[in-house]
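>>> Test case, fold it:
(chains A, B and C)
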Amino acid sequence: MRVYVRLRSEVVKPVSVTARAASLLVAFLVVAGLVTFVAIYYVGGASALPTVHYAASAGQVNVVLQEDPQNNSASKPDWVSYYVQDPATQKWVHTTLFSVPANTKVNVTLYGYDGCTPLRNNFYSQVQGTIGNTVTLSQFDQHGKEYLTDKTTSVINAWSDCNVGHTFAIPSLGVYVPVASPNAQLSANNLCSSSPCTTSGNPYAKETFSFMSPAHGGVFRWQCLVPCGGGFLDGNSGPMQTLGYMMGEMDVVSS
Amino acid sequence: MTTGPQNESPHEPQHGRRLFLIWLILALAADLVIWFIWYPHMPPGDMSDSARHQQFDIAVLAVSAAPVIIFVLLYFTYSIVVWRVRPGDEDDGEPIYGNTKVQVSWIAGTTVIVLFLFVFGTVELVGPAGAGAGEGPAPIWKLAGTQSAVWAPGGKTMLDVQVIGQQWAWTYRYPQFGGMESSELMLPVDSPVTFHVTSLDVIHSFWAYQLGVKADANPQVDNVAYTTAKSLGGFTVRCNELCGIWHGAMFNYGHVVSQAAFQTWASGVQSKEKADGILAALPAYALTYDPTVIPQLGANLPKVDGITGAAGYYYPPSDPVTP
Amino acid sequence: MAIETHQDQAEAAGSGPPLGGHGALRPWYLRPGVHLGVVGAAVGYILGHLLGNFLSSAYQQNALSDSNDIPIVLGYTFATLGWLAGLGVFNDLGRQILGRPLLAEIRRGGSEAGLSKYFRYTLDHKVVGIQYLYGMIAYFLTGGLFAMAIRSELLSPSYHLLGPSQYLMVVGEHGTMMMMMMSSVILGPFGQYFGPLLIGSKRVAFPRIEALGFWLTPAAYVILLSGVLFGGFPTGWTGYEPLATQATAGEDSYFFAFGLMGLSMILAGFNMIVTVINYRAPGMRWSRLPMFVWSMFTVSFLQVLAVPVLVGACYMGLMDRTFQTAFFTNQLGGSSFLYEDLFWFFGHPEVYILALPGFGVISEVVAVFCRKPLFGYKVAAAGMLGVGILSFFVWQHHLFDSGINPDMRPLFMLTTELISIPTGFIYLVGMGTFWKARIRFSIPMLFALAFYFNFLIGGISGVFLSDVPADTTEHGSFFVMAHFHYTIMGGLIFAFMAGIYYWLPKMTGIKLNEKLGKLHFWTMFIFFNTTFLPLFALGMMGMPRRVFEYARNLETLNDWVSISAFCLGGSILIFVINFVMSMLFWREPEVGNPWRARSLEWQLSSPPPPENFKRVPVILSSSYDYGVKDALPVADLNPPPGVIGAAYAGAPGVPAGLEA
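So this is what the prediction gives:
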């Protein structure tokens, strides 16, 4: 049965039902396809980053992180970035998402390869929220010489001596930890230049601290509080606002 | 409620009178429920005097609004029940173009309600020193309290707290305790508090919900808000102005403690930071901070391996248009 | 004297003064249209981007920032110009500059039968109206999909479906799509279509400007969506500085799209003002003007006066991002407050641009389905004008807590509360029209009743917000969210639905399915209220806007809202199904005057002929004279020769075609 399309009062042009149904189906598929594509690739795109899972042993987990002056991504190779070490393979994964079990003592080992920066607010030189409110710090130069060994401190000097590179903060748990850098005078211009950095041939700082993961599960964001996104107003854009670089999420999994 | 201009035939029900009676009963019932049952539980609670005044204010608004809402809803419900067209009726309604009495009473009535709410709102704003809202750098309605360089419990000394918002965490500075900085907000009960809210980067907003305080944190602007905490307990601090991706996660918890406990805590933090050398290293206490200036270092910002300073320059330092 | 009240059988379209361009038509793919517009846009973007790279290579790019916004902005600029050029917007301008005669409409494709004219730049305001209709529905559905994503994320306070920057991208896209594009959701389809018809005019004053106003909207839509490719913009629809300067490249798409849409609004408003003032038929006095035309007229002034401020703010924002000016950067001497003031000086009249046309449509619908004159016509018109004028004096109420001069706050509290008085006039008029009426519950009437219900809640919550002490808790929270969704979605969108069920038969000769329509109404009304009513509570309990983490005790309420929102999405889907199936397959014809309305557009055929009226009608009475015995018909559609000429005799500059 032919149905007439009357959109103007003079000329009528018949368009068959099958033609209309076909074009409607095609249009629907195109729109649905486009929406699905945008939803998966652009809106849900965060899931592209891998999460490193840490399992507890004897009521504790050991999380190993490092921060580098650059990274090995194709799109933004010059952005500063954190890396997480996979406990199973001991390889460095370019991500900032990791998970720990709930109600567990989390022992963090943090390697700092990036150079020092004066803090906008020296309040963040203080260690807060860790067990004992301290970190244990060692610093190495590029020849492997350990010039600072296992110093337990509650403050890392960033004002009279440039020693802090970045910070690691989980504000909703009250954890604020300055991340030490190699000593400025000793290691200037010899910083690690290819990522992920390794301890041989590069100056670095090694820091350990512990805190208790909360009893209830959830996703806890963590970030650096040293705005180093140069070129962006106030430095808090770029790597500071991109998952996988200077900010991430700690997934607390309740068992 | 006035009736239409036409003379109503004897068996025509008095719509106006009916509507008025039903409205009166419903409005009275609603107002009583609101005032006696809902008001004590009205947000934001009564933890501080600004919260209490807001509670009262919202309750009065609700009591004024309920009769208006009931009036309109009742009228429409009544009219669609009573004046719906009967099946088969194709006629038009009566050509009523207007009724001066109704129009004038409506305009007068709404104007009276609005002016009352305006006067009441202004009173509630002025009385409690700005009702917890941020008043900008030069507040007009200030909270009574003795200004002093040192805060001590017992008297009516004003406690100054600077709230610093940065992407994406809150910190607090207490100038009366040597300018020490803390990531926890502690307040003494029954003491007038002045909040100086500022930001280091983009616009945030300091919202202490149970205290009924909300003040935007603008960069280079000092926004002043007042309150007095009246009961002990915890309260939530949330960021209320979109400030970037972690805006939703930018929250904090604060505590109202006894005056003695507060004194102990604050002096404790002050001595710890002094001992650590942090107190001396903090930027000098000021009402606003320029994030591109790091006072101890002045122009000698060290740059190692090309990494720029902590402030993240707006344009690269070598750019010719840098002022 | 015989008064002709019904359109005769349709006659061939008048051709107007002789035009040039005779000869064979070029094939369809070489004549200007959407296809060439797309080509032009692509070519333009590439050219602009290359030009930008060339111009800004002198700027030292900091290795850490990676985004040079100048090529992107120039790319957008040239893409828009290319799009418009491909559509043929500049063709007539070029011809006039070169001294050649203008094209006849037939060559422009405007009076061709079939669907192709809807993909071209035409001079017929009715074609522009239909283009707006489809466009607005598409933009609304896109914004709605983003809303579904928001509500999915908000199902849990701590487990996250979307990454943080994706969530903000979705929030910003939803808000901007709705607030930016929906400002023309009634003005476009119904205002452009029925404006001239309601005043008895054959055309609008500036058809090319009107069509340009429409064709800027797809460009703005695509540019806004292209922000998704850059990772979106983190500022939400308000674009607050300095976060907007800090943001990555997606923010350019926000500022540029908003500026384009602003241009579209300014042009549409300007055209409407001149049309309503100058093109009214004889006898269409201001006191007989339909209320919908009053609302459009008022809103057009708001568009012309307030929107340029937005375009300025967007332009300055782009300058800050590209050429590194410091309009809004505090530490370099600018002020973030400047942006807030500029934006809200536009932003408040903007919400009245959204709300007032809804009032207009509802007033029309209510008079017809109560079969009574509009109660208090002058009060209604005064209400529209009052709201329009006062809307310029209230914008600081968005800034009560931001540190503005504190003694401004009681002043703006007063003006904001005063604006509720003219807004209340709509209720006075509606309620008076219902008094002793004969109410018919057609679908447009159901939507009108829902409008009154929703806007009441929205309006009263606005009074709560205008009170500064109460605003301390409510500002920036979900209370505000509930308030504006009730006024804008509950008001404007419900009015749009009323308009579409009411006027679609007139625009296309097809009516929407009644059963599906009722189902659509009831599901939309119920789920709309279950979705947005709890938001008042959420806001009062301390949940700020635009957050993806919230207090745990609010999770149950958020889940209820999210499920309701999905159901609301389902009800809109019912509408889409109804619309698509009715237009494509069922095609139930409705060519008469099914509502027995008196207004002028219902005296014509469905759809009206290309030149609207065979002869300029003479208006004899108000379109609201229901129930009046021996009422004159609203207009004489075939006035005797000499009537109009005599009316204008002696008036200077009378166009030749107007006499006899």
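>>> okay, now the domains of the chain?
The chain I'm using is chain A. Per the record, chain A has its domains at A:4-43, A:51-253, by automatic domain parsing.
>>> should've been chain B
If you go by automatic domain parsing, chain B breaks into B:15-82+B:99-126, B:159-281.
>>> In CSV: the domains of chain A, plus mean pLDDT and mean neighbour count.
C-beta coordinates here come from the backbone N, C-alpha and C atoms, glycine included. Shown next, in CSV, are the domains of chain A (pLDDT from 0 to 100; neighbours: other CB atoms under 10 Å in any protein chain shown):
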stretch, mean pLDDT, mean neighbour count
domain A:4-43, 76, 13
domain A:51-253, 86, 20
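>>> how about CSV for those domains, with distance to chain C added?
Listed next are the domains of chain A as CSV, based on distance: least, CB to the nearest CB, whole Å:
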stretch, distance to chain C
domain A:4-43, 3
domain A:51-253, 3
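>>> Dump those domains into TSV; add distance to residue C:203 as well.
As requested, those are exported to TSV (distance: least, CB to CB, whole Å):
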stretch	distance to residue C:203
domain A:4-43	17
domain A:51-253	50
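>>> just so I know, which of the ones you listed lies nearest residue C:361?
domain A:4-43 (23.6 Å; CB to CB).
>>> Give the bridge partners for the residue nearest the centre of chain B, please.
Residue closest to the average C-alpha location in chain B (CA atoms, centre = their mean): residue B:214, at 4.2 Å. Counting by DSSP bridges, residue B:214 forms beta bridges with residue B:133, residue B:207.
>>> does chain A sit close to the lengthiest helix in chain C?
For chain C, the helix reaching the highest residue count under DSSP state H is reported as helix C:336-370. No - with CB under 8 Å from any CB of the partner chain as the criterion, chain A is not reached by helix C:336-370; the gap is at least 10.9 Å.
>>> Would you mark the buried spots in that helix?
For helix C:336-370, the neighbour count (16 or more other CB atoms under 10 Å in any protein chain shown) marks C:336-337, C:339-370 as buried.
>>> just stretch B:110-124 next, same as before
Result for stretch B:110-124 [16+ other CB under 10 Å]: buried residues B:110, B:113, B:114, B:117, B:118, B:120, B:121, B:122, B:124.
>>> again with stretch C:403-410
C:403, C:404, C:406, C:409, C:410.
>>> now do stretch C:478-491
Neighbour-count burial for stretch C:478-491, counted by 16+ other CB under 10 Å, picks out C:478-491.
>>> Closest one to residue B:134 out of these, please.
residue C:480 (16.5 Å).
>>> contact partners of the host helix or strand of that closest one?
Element membership for residue C:480 (DSSP states H and E) is helix C:478-484. If you take CB atoms under 8 Å, 6 or more residues apart in numbering or on different chains as the criterion, helix C:478-484 is touched by C:351, C:458, C:461-462, C:464-465, C:473-474, C:532-533, C:535-536, C:538-540, C:543-545.
>>> The helix or strand that it is followed by close to chain B?
Toward the C-terminus, helix C:478-484 is succeeded by helix C:494-508 as the next helix or strand (DSSP H and E). No - Helix C:494-508 stays clear of chain B (CB under 8 Å from any CB), getting no nearer than 14.4 Å.
>>> for the record, mean pLDDT for helix C:494-508?
For helix C:494-508, mean pLDDT is 95.
>>> helices or strands up against the next helix or strand after it?
Using DSSP H and E, the helix or strand that follows helix C:494-508 towards the C-terminus is strand C:510-511. Contacts defined by 3 or more CB pairs under 8 Å, 6 or more residues apart in numbering or on different chains; DSSP states H and E place strand C:510-511 against helix C:494-508, strand C:588-589.
>>> Present those as JSON lines; the columns should include mean neighbour count.
Shown next, in JSON lines, are the helices and strands packed on strand C:510-511 (neighbours: other CB atoms under 10 Å in any protein chain shown):
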{"stretch": "helix C:494-508", "mean neighbour count": "25"}
{"stretch": "strand C:588-589", "mean neighbour count": "12"}
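>>> Of all the ones you listed, which one is nearest chain A?
Comparing those by their distance to chain A (CB to the nearest CB), the top pick is helix C:494-508, with 7.1 Å.
>>> Can you dump the C-alpha atoms of the closest one in PDB for me?
C-alpha atoms of helix C:494-508 as PDB (Å, rounded to 0.1, in the frame of the first residue of the first chain):
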ATOM      1  CA  PHE C 494       6.300  20.600  29.400                       C
ATOM      2  CA  ALA C 495       5.100  23.700  27.500                       C
ATOM      3  CA  PHE C 496       7.100  22.500  24.500                       C
ATOM      4  CA  MET C 497       5.300  19.200  24.700                       C
ATOM      5  CA  ALA C 498       1.900  21.000  25.000                       C
ATOM      6  CA  GLY C 499       2.900  23.100  22.000                       C
ATOM      7  CA  ILE C 500       3.900  20.100  19.900                       C
ATOM      8  CA  TYR C 501       0.700  18.100  20.500                       C
ATOM      9  CA  TYR C 502      -1.300  21.300  19.900                       C
ATOM     10  CA  TRP C 503       0.400  22.600  16.800                       C
ATOM     11  CA  LEU C 504       1.900  19.600  15.000                       C
ATOM     12  CA  PRO C 505      -1.400  19.100  13.000                       C
ATOM     13  CA  LYS C 506      -1.100  22.600  11.800                       C
ATOM     14  CA  MET C 507       2.500  22.400  10.900                       C
ATOM     15  CA  THR C 508       2.400  19.100   9.100                       C
END
